[in-house]
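**Q** Have a look at this fold, sequence not included:
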Ligand code: SME
């Protein structure tokens, strides 16, 4: 996948007036379509109550609409303030199963320094589906979205409830 190209496409949408919600939906669409090994792609947003809430996603519906910080791969990424690349979810003790088909998972934080706004979560039916290059390309999109979150907070204050 080409993260720079996706950022350019998001930039075009932004220039045409897309709001944050539209940008998040489009980012999920573009990421999901960019790699046939991505079987579930979504964004979890971090709210001030330390709960991740599922935003836009593509793939099978999940029971994990709310995830508390520390729980699962998604919640531990927030607790540890770092990205997660789990090559084999069956070997990960702190894993919340969304689908029996999922074999590997990638979580990339959408952050500005110590402030985490959200995360991009991708599941694959393949073992070890996420190489370093893929993580780096997804990171470019996460960094672009972090700028969008920051601008949204600057223009809306904390009304949206996001950002810690
Ligand atoms: N597997 C995640 C839960 C989210 S689903 O993958 C969509 C976790 O362990 O946090």
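**A** Now that the structure is in, tell me what you want to look at. Predicted model only: the values in this text are computed from it and were never measured.
**Q** any weak-confidence spans in the chain?
**A** Filtered on pLDDT under 70, the chain yields the residue ranges 157-164.
**Q** Mind listing what's buried along stretch 134-147?
**A** 134, 135, 137, 138, 139, 140, 141, 142, 143, 144, 145, 146 (16 or more other CB atoms under 10 Å). For the C-beta atoms, the positions are set from N, CA and C on the backbone; glycine is no exception.
**Q** From the centroid of the chain, which residue is nearest?
**A** The geometric centre of the chain, computed from its C-alpha atoms, lies nearest to residue 120 (CA atoms, centre = their mean), at 0.9 Å.
**Q** For that residue, give the beta-bridge partners.
**A** Beta-bridge partners recorded for residue 120 (DSSP bridges): residue 43, residue 108.
**Q** does residue 9 count as helix, strand or coil?
**A** Three states are possible here, and by DSSP: H, G, I helix; E, B strand; the rest coil the one that applies to residue 9 is helix.
**Q** is it true that it touches residue 26?
**A** Yes. Proximity of residue 9 to residue 26 meets the contact threshold set by CB atoms under 8 Å, at 7.4 Å.
**Q** which helix in this protein runs the most residues?
**A** Ranked by residue count, the top helix of the chain under DSSP state H comes out as helix 132-156.
**Q** quick one on the thing from earlier: closest to residue 70 among the buried residues of stretch 134-147?
**A** The shortest gap between residue 70 and any of these belongs to residue 142, at 20.8 Å (CB to CB).
**Q** Closest residue of this protein to the ligand?
**A** The minimum distance from the chain to the ligand, using CB to the nearest ligand atom, falls at residue 72 (2.5 Å).
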